[in-house]
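J.: below: sequence and its predicted model.
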2 protein chains.
Amino acid sequence: MAPLQLDRLDGTAFATDPGLLLARANADSIAATNRALAEFGLRVRSYAVLAAAASAIRPTQRELAEFLRLDPSQVVALVDDLERRGLVRREVDPADRRVNAIVATEEGASLSTLASTAVTEAREHRLAALTSEELATLTELLARVVHARPAE
Amino acid sequence: MAPLQLDRLDGTAFATDPGLLLARANADSIAATNRALAEFGLRVRSYAVLAAAASAIRPTQRELAEFLRLDPSQVVALVDDLERRGLVRREVDPADRRVNAIVATEEGASLSTLASTAVTEAREHRLAALTSEELATLTELLARVVHARPAE
DNA sequence: TATTGTTATACTCTATAACTATA
DNA sequence: TATAGTTATAGAGTATAACAATA
């Protein structure tokens, strides 16, 4: 049988550039995840906001922006959309009336659960090349990188 | 001294979602890399094309699109820009005149070298939380994921 | 004064389809 | 017929600044 012909470019030095690998892996991840989310009317970013809203932690819009690497104004648009669809609510903090906690409605919470299952399945298919130990290692290293973000 | 206050959202279940971690790490990576590339008039994507063109491998536009997860039409625009600036050339393949090999000019090659140094420095700063062994592990796992991309 | 959320705007990136020239 | 590259266009995502309400 014919030998597996890997991409010629994968042999070059810059093919091991971590930033480039990150970008390629992320592009694949977004494409596959958006496909998995399409049936729920969600995309990667709206799903992330919904999942955060469905947690017990009652994130503020500011926290969502920081956590998801979004500008606060982008969070406004995402929350507007989810709120119009009855999936999340803005709850004004009585102690500081500038602040909105974003919480999932009952409908939003169950949609989040369904979507989460689909996302997990798509990921397992996509990351089948890794053992579960390797996936755990990858996840832990990425978490360290993300948490250690330098100030500037 | 005050305890380190991690992001509240980092305690939630979806904070360990590999896709989300990938997206957050990539957002940080793109932002930091674009800052490092600004003085060269490059951005992440144009740098990637230039670096590929500066390799010995003479990539075609099709290969660049596949490798960088770009649509072929996006490669046209990126190469147009680099070509206008005298950094790369399109060389028609005499054996198949539909195909262009993208090769760096002398000026493009030296800019690529300078930019590569800046990108590496920015990365070392950004990934200082990882040991070099951990970085090697992260790189290898990402490469496996990227190469194993399922058909659909 | 500083911060949260909001509006407005422009720019970059991505996705799709149709076209041409070669094969 | 099929493939490499191109053009055109629309949509999604990102970046910036200015503003109102609240602290």
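T.: In hand now; what should we look at?
J.: what pLDDT is listed against residue A:151?
T.: Per-residue pLDDT puts residue A:151 at 68.
J.: so for chain A, the centremost residue is which one?
T.: residue A:48 (4.9 Å; C-alpha atoms, centre = their mean).
J.: ignoring the adjacent residues along the chain, who's closest to that one?
T.: Here the nearest residue to residue A:48 in space, its sequence neighbours aside, is residue A:68; by C-beta to C-beta, 6 or more residues apart in numbering or on different chains that works out to 5.5 Å. For every residue, glycine as well, the C-beta is placed using N, CA and C.
J.: returning to that earlier point: in the helix or strand where the residue nearest to the centre of chain A lies, what's buried?
T.: Secondary structure assignment for residue A:48, by DSSP states H and E: helix A:44-53. Neighbour-count burial for helix A:44-53 flags A:44-53 (criterion: 16 or more other C-beta atoms under 10 Å in any protein chain shown).
J.: avg pLDDT for that helix?
T.: Here the average pLDDT along helix A:44-53 is 98.
J.: is DNA strand D contacted by that helix?
T.: Yes - using C-beta under 7 Å from any atom of the strand, helix A:44-53 comes into contact with DNA strand D via A:44-45.
J.: contact residues of chain A facing DNA strand C?
T.: So far as C-beta under 7 Å from any atom of the strand goes, chain A lies against DNA strand C at A:27, A:30-31, A:34, A:60-62, A:65, A:72-73, A:75-77, A:79-80, A:90, A:98-100.
J.: mind listing what residue A:105 touches?
T.: A:86-89 (C-beta atoms under 8 Å, 6 or more residues apart in numbering or on different chains).
J.: let's see 6 Å
T.: Remark: with contacts taken as C-beta atoms under 6 Å, 6 or more residues apart in numbering or on different chains, residue A:105 is in contact with residue A:86.
J.: for chain A, just list every one of the strands.
T.: Using DSSP state E, the strands of chain A run over A:88-92, A:100-104.
J.: ok, back up a step: how near is the residue nearest to residue A:48 to residue B:15?
T.: From residue A:68 over to residue B:15 the distance is 11 Å, taken as C-beta to C-beta, to the nearest Å.
J.: which non-adjacent residue is nearest residue A:85?
T.: Nearest one to residue A:85, counting by C-beta to C-beta, 6+ apart, is residue A:41 at 7.5 Å.
J.: would you quantify the distance from the one you found to residue A:49?
T.: 13 Å.
J.: do residue A:82 as well
T.: For residue A:82, the distance to residue A:49 (C-beta to C-beta) stands at 6 Å.
J.: again, but for residue A:125
T.: 24 Å.
J.: residue A:141 too?
T.: Applying C-beta to C-beta to residue A:141 and residue A:49 gives a distance of 25 Å.
J.: next: residue A:90.
T.: From residue A:90 to residue A:49 the distance is 12 Å (C-beta to C-beta).
J.: residue A:59 now?
T.: Counting by C-beta to C-beta, the gap from residue A:59 to residue A:49 is 9 Å.
J.: can you check residue A:16 too?
T.: Counting by C-beta to C-beta, the separation of residue A:16 from residue A:49 is 34 Å.
J.: circling back: now the two most distant members of the buried residues of helix A:44-53.
T.: Greatest spacing in these, by C-beta to C-beta: A:44 and A:53 (15.1 Å).
J.: neighbours of the nearest residue in space to residue A:149 that is not next to it in sequence, just the number please.
T.: Excluding the flanking residues, the one nearest residue A:149 by C-beta to C-beta, 6+ apart is residue B:28, at 5.6 Å. The number of residues packed near residue B:28 is 20, by other C-beta atoms under 10 Å in any protein chain shown.
J.: near chain B, which residues of chain A?
T.: A:7-9, A:12, A:14, A:16, A:18-19, A:21-29, A:33, A:51, A:55, A:57, A:59, A:63, A:67, A:69, A:129, A:134, A:138-139, A:141-146, A:148-149 (C-beta under 6 Å from any C-beta of the partner chain).
J.: hmm, back to that, quick check: the residue nearest to the centre of chain A touching residue A:70?
T.: No - counting by C-beta atoms under 6 Å, residue A:48 does not reach residue A:70; the two are 8.9 Å apart.
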